[in-house]
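In: everything below, folded, please.
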Amino acid sequence: MNDFLSKLLSHEMHWRIFCRILLVLSLTTTIGIAQAGKPSFIYSSVGDPTVAPSVSAVQPYPSFVLMGGGPDVDEAFRWMIKQAGIKPGTGGRLVVIRATGDGAYNPYIYYSSAASSTASADIVDGWVGGASLGLTSVETLVIPSIAAANEAFVNAVLGRANAVWIAGGDQSDYIKFWKGQALEKTLSTLIKNNVPVGGTSAGLAVLGQFDFAALNGSVTSAQAMSNPYNRYMTLDPAPLSTSGGFIAPPALANAILDSHLDTRDRLGRLITFVSRLVANYPGSGSQQFGCAGGVLGNNAAKGIGVSVESALLVNWDPVNAHYTGRRITNNPAPATEAAVYFVNVTQGPTLCTSGKPLTVGTSAVQIRKLADSITTINLSDWSAFPIHRSVGVNAGVISPDPY
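Out: So this is what the prediction gives:
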């Protein structure tokens with residue numbers, strides 16, 4: 001980063017002056033900082049990021065939004081803003097991070113309508129109306145490299161966030177460019193301060209304790225179940241470990257997440273992801289269960305799959321001392337059922353070997369399904385939530401229908 005920008009960042013007043021210069025340039029401001037002739041990162045904003053919010057940068061309880069991709073769920077953003085303690089008059093910054101794309105989230109979250117209204121009475125479908133809820137700015141950082149993830153400006157902007165959104169894209173970019181860098185440390189500090197964090201699609205995929213890293217591209221359910229160790233089945237951390245994952249918030253301990261569950265038929269691969277987490281353990285006689293390289297005890301691994309046009313709102317219930325999850329959807333008539341699926345394996349796989357199809361005992365896979373916006377599930381203990389299906393996997397084929 002050049003000396004001029006370094007000097008600007010050396011003092012809070014310089015930061016404010018710099019932002020005001022940017023805001024003068026355009027209502028939606030964009031800047032790219034060059035390194036070796038190419039932009040190291042791109043920053044854009046709407047509203048006034050120079051305002052110092054009065055809302056606390058530390059919240060009492062953690063909050064997460066797990067969104068399944070497709071059309072964004074407007075109400076999920078409103079919930080996250082409120083969870084950040086933001087109200088009209090307090091001010092607040094919501095920061096979007098991504099490795100590709102642009103600042104399209106900025107006006108969508110900030111304004112109430114396409115007419116750039118900031119009035120609560122003008123909020124229409126497809127707009128969050130964040131300004132009317134108290135946001136003073138929405139800022140986007142496109143962070144496409146390790147160098148960008150270590151930029152002082154990038155981490156200064158992110159570190160001031162009152163809420164963080166991780167956009168969709170390719171989660172392998174987030175693992176390759178962000179993990180182990182200053183950006184991850186900044187994110188981890190925000191999470192420790194209970195700053196609400198959400199993500200959709202690839203952004204959701206990196207919020208579990210374990211992640212499908214997609215380092216060699218995506219994988220279908222058929223590919224995953226036909227060979228749980230095929231080249232596309234890249235998990236993070238690698239090798240699997242109970243520590244060293246990317247971000248890994250305690251609220252999602254032992255969990256691996258997936259999106260687009262319904263439209264891309266991903267329950268099979270989610271079952272395989274969960275199975276891969278189960279460590280080998282002996283049964284009766286010479287019978288062995290689990291998967292080589294697994295690190296969790298039997299029945300400890302969890303998978304949460306979110307369908308398009310839906311989001312799981314996760315927060316801490318201080319009265320009952322556990323994490324809860326509630327599903328919401330984008331509109332009264334989504335294109336699909338917009339359900340959230342919860343997967344655990346009550347008996348580890350009986351065959352989980354490289355080059356061979358996955359086999360899990362009959363009824364050993366429990367699937368719970370949340371398809372309404374009233375029920376709340378105890379995410380710390382699923383046992384009280386009814387089982388939707390108990391299925392098995394025989395030579396890479398699920399039976400009965402898991403949906």
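In: which residues of the stretch 301-403 of the chain fall in strands?
Out: Secondary structure of the stretch 301-403 of the chain (DSSP state E, counting those that start in this stretch): strands at 302-306, 310-317, 322-329, 340-345, 360-370, 376-378, 389-394, 397-399.
In: ok, which stretches of the stretch 101-250 of the chain are strands?
Out: Counting by DSSP E, counting those that start in this stretch, one finds strands in the stretch 101-250 of the chain at the ranges 137-142, 163-166, 197-200, 211-212, 235-236.
In: the longest one - contacts with which helices or strands?
Out: The reference is to strand 137-142. strand 38-47, strand 93-98, helix 105-110, helix 152-159 (3 or more CB pairs under 8 Å, 6 or more residues apart in numbering; DSSP states H and E). For the C-beta atoms, the positions are set from N, CA and C on the backbone; glycine is no exception.
In: could you check the angle the second one makes with strand 137-142?
Out: This points to strand 93-98. With axes from the mean of the first three to the mean of the last three CA atoms, to 10 degrees applied, the angle from strand 93-98 to strand 137-142 works out at 20 degrees.
In: residues in contact with strand 93-98?
Out: Applying CB atoms under 8 Å, 6 or more residues apart in numbering, the external contacts of strand 93-98 come out as 49, 53, 77, 80-81, 84, 103, 105-106, 109, 130, 135-143, 157-158, 160-169, 183, 203.
In: tell me which of the strands of the stretch 301-403 of the chain sits most buried.
Out: strand 302-306 (a mean of 27; mean count of other CB atoms under 10 Å).
In: let me see the mean pLDDT of that one.
Out: Across strand 302-306, pLDDT averages out at 98.
In: can you list the strands that it pairs with?
Out: Taking DSSP bridges as the criterion, strand 302-306 forms sheet pairs with strand 255-259 (parallel), strand 340-345 (antiparallel).
In: how about the nearest residue to Ser120, chain neighbours excluded?
Out: Of all residues not flanking Ser120 in the chain, Ser132 sits nearest, at 3.8 Å (CB to CB, 6 or more residues apart in numbering).
In: which ones are touching that neighbour?
Out: Counting by CB under 8 Å, 6+ apart, the residues that Ser132 touches are 88, 112, 118-120, 122-123.
In: swap the cut-off to 7 Å and go again
Out: 112, 118-120, 123 (CB atoms under 7 Å, 6 or more residues apart in numbering).
In: are any of the residues you listed buried, and if so which?
Out: 112, 118, 123 (16 or more other CB atoms under 10 Å).
In: thought the second one was touching Trp127?
Out: Just to be clear, that refers to Thr118. No - Thr118 is beyond contact range of Trp127, at 10.6 Å (criterion: CB atoms under 7 Å).
In: overlap of the contact sets of those two?
Out: Common neighbours of Thr118 and Trp127 (criterion: CB under 7 Å, 6+ apart): 111-112.
In: Val96: how many residues sit nearby?
Out: 27 (other CB atoms under 10 Å).
In: please apply the same query to the one 4 residues further on.
Out: Under the neighbour criterion other CB under 10 Å, Thr100 is assigned a count of 13.
In: check the one 10 residues further on too.
Out: Using other CB under 10 Å, Tyr110 has 26 neighbouring residues.
In: kindly report the same for Ser145.
Out: For Ser145, the count of nearby residues is 19 (other CB under 10 Å).
In: got it, and Thr90?
Out: Thr90: 17 neighbours (other CB under 10 Å).
In: so what's it up against?
Out: Applying CB under 7 Å, 6+ apart, the residues near Thr90 are 53-55, 134.
In: mind checking which of those are buried?
Out: Looks like the contacts of Thr90 have 53, 55, 134 buried, using 16+ other CB under 10 Å.
In: and these as a markdown table, adding distance to Phe342 and pLDDT?
Out: Listed next are the buried ones among the contacts of Thr90 as a markdown table, based on distance: CB to CB, whole Å; pLDDT from 0 to 100:
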| residue | distance to Phe342 | pLDDT |
| --- | --- | --- |
| Pro53 | 36 | 97 |
| Val55 | 33 | 97 |
| Gly134 | 33 | 98 |
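In: centroid-nearest residue for the protein?
Out: Leu204 (2.5 Å; CA atoms, centre = their mean).
In: which residues touch it?
Out: 66-68, 257, 259, 306.
In: looking at those, state which has the most neighbours.
Out: Neighbour-wise, the contacts of Leu204 (other CB under 10 Å) top out at Gly68, 32 neighbours.
In: can you name the residues bridging to the closest residue in space to that residue that isn't next to it in sequence?
Out: With sequence-adjacent residues excluded and distances taken as CB to CB, 6+ apart, Gly68 is closest to Val306, at 3.3 Å. On the basis of DSSP bridges, Val306 takes part in beta bridges with Ser259, Val340.
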